[in-house]
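J.: how would this look folded up:
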Amino acid sequence: MCYSGREKTIPLSMKDMPRPVGAPMAERMLKEDETPLFTAKNYVRATCLQEAYDLNQKRANAILGGGCWMKMGARSIGTLIDLSGLDLDQIQEEEDCFTLGAMVTLRQMEAHAGLCRALGPALKKSLRHIVGVQFRNCATLGGTLYSRFGFSDVLTLLLALDCQVQLVGAGLVPLEVYAQQPYDRDVLSHLHIKKNGRKVAYESFRNTQTDLPVLTCALSTDGQTVRTVVGARPGRAKRSSMELALGATEKEVADYLQVLQKELRFDGNLRGSEAYRRHLCGVLFRRALGQLREGM
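T.: Prediction:
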């Protein structure tokens, strides 16, 4: 063990918690007559990842990230586990990949010159509608990826690339696999984005600028074939098992879209019907495909 196991017994509420930096998923959303509040019996600022992992094995405990989602739920937490002392708020550019810590904020990603250079306009397009700069200064990459929200712009974009998540218990896991797994008690520490020259394009549609998306779509290419990811169907973003030739004819594109819409499940909710989302899928796909072709 790399820690003493000491816990501070400090009652915490939303108004007196430490500076927020990322957000695991709340267990229960608020009812209309409830006050936004979560409470915690204990608070531990983890001294190493193993300590955080061991503490997180108890169902009553929770990782504290930015709190952007956690604060929306009424929940009683046993021990609140803070990762802010583990230097996980860094973005490192290496020769073959970018390594991002779980506590990196969405705003850090948006403003990082190396990421913007590698991913092009798609990075900022995937982040700009997420509430506002103040929110993105709090919301973390780790909280976003762990939560695997069905409406996640970030997850849609990253699934189009070659990424791996680093988990304390399970080790390196492809993001495509992690995105479809059920929630567990492992702790996500880093994301690795491979630098292999893939070009990426991102499109989404919203009823209003900062609303949750009706549909998200990301395409990437190695110069030969195109990889497709669609999210907010509504449901977790999913990468298609099929790829399309970058120089495909109009008929081949139309045929591909027909098969794609059968492969991916679409549904309706208050933001749009199933038929509307299927139509949007074709529209956003063609827009993103055009961007990739122009950029090659």
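
J.: Could you name the helices and strands sitting against the host helix or strand of G290?
T.: Using DSSP states H and E, G290 sits in helix 274-295. Helix 274-295 sits against strand 199-205, strand 215-221, strand 225-231, helix 250-263, with contacts defined as 3 or more C-beta pairs under 8 Å, 6 or more residues apart in numbering; DSSP states H and E. Backbone N, C-alpha and C define where each C-beta goes, glycine included.

J.: how about these in CSV, adding distance to L37 and mean neighbour count?
T.: As requested, those are exported to CSV (distance: least, C-beta to C-beta, whole Å; neighbours: other C-beta atoms under 10 Å):
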stretch, distance to L37, mean neighbour count
strand 199-205, 32, 24
strand 215-221, 31, 27
strand 225-231, 30, 24
helix 250-263, 42, 14
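
J.: Export these to JSON lines and append columns for mean pLDDT.
T.: Compiled in JSON lines, those are given as follows (pLDDT from 0 to 100):
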{"stretch": "strand 199-205", "mean pLDDT": "97"}
{"stretch": "strand 215-221", "mean pLDDT": "98"}
{"stretch": "strand 225-231", "mean pLDDT": "98"}
{"stretch": "helix 250-263", "mean pLDDT": "96"}
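
J.: Turn the ones you listed into CSV, including distance to G78.
T.: Listed next are the helices and strands packed on helix 274-295 as CSV, based on distance: least, C-beta to C-beta, whole Å:
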stretch, distance to G78
strand 199-205, 37
strand 215-221, 35
strand 225-231, 33
helix 250-263, 42
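
J.: Of those, which is nearest Q181?
T.: Proximity to Q181 (C-beta to C-beta) singles out strand 225-231 among the helices and strands packed on helix 274-295, at 16.2 Å.

J.: tell me the angle the closest one makes with strand 215-221.
T.: Between strand 225-231 and strand 215-221, the angle formed by their directions is 160 degrees, by axes from the mean of the first three to the mean of the last three C-alpha atoms, to 10 degrees.

J.: Pull the residues that contact the helix or strand that strand 225-231 is followed by.
T.: Scanning forward in sequence from strand 225-231, with DSSP H and E defining helices and strands, the next element found is strand 238-239. Outside of strand 238-239, the residues that reach it under the criterion C-beta atoms under 8 Å, 6 or more residues apart in numbering are L159, A160, E176, A179, Q180, R227, T228, V229, V230, G231, L264.

J.: Tell me, how many residues neighbour the fourth one?
T.: To tie it back to what came earlier, the one meant is A179. Neighbour count for A179, taken as other C-beta atoms under 10 Å: 23.

J.: repeat for the first one
T.: Residue neighbour count, defined by other C-beta under 10 Å, stands at 26 for L159.

J.: do the fifth one as well
T.: Per other C-beta under 10 Å, the neighbour tally for Q180 reads 12.

J.: quick one, what contacts it?
T.: Contacts of Q180 were listed using C-beta under 8 Å, 6+ apart, and they are R236, K238.

J.: any idea which element it lies in?
T.: Assigned by DSSP H and E, Q180 belongs to no helix or strand.

J.: low-scoring pLDDT stretches of the stretch 151-296 of the chain, where are they?
T.: The model of the stretch 151-296 of the chain has pLDDT under 70 over residues 296.
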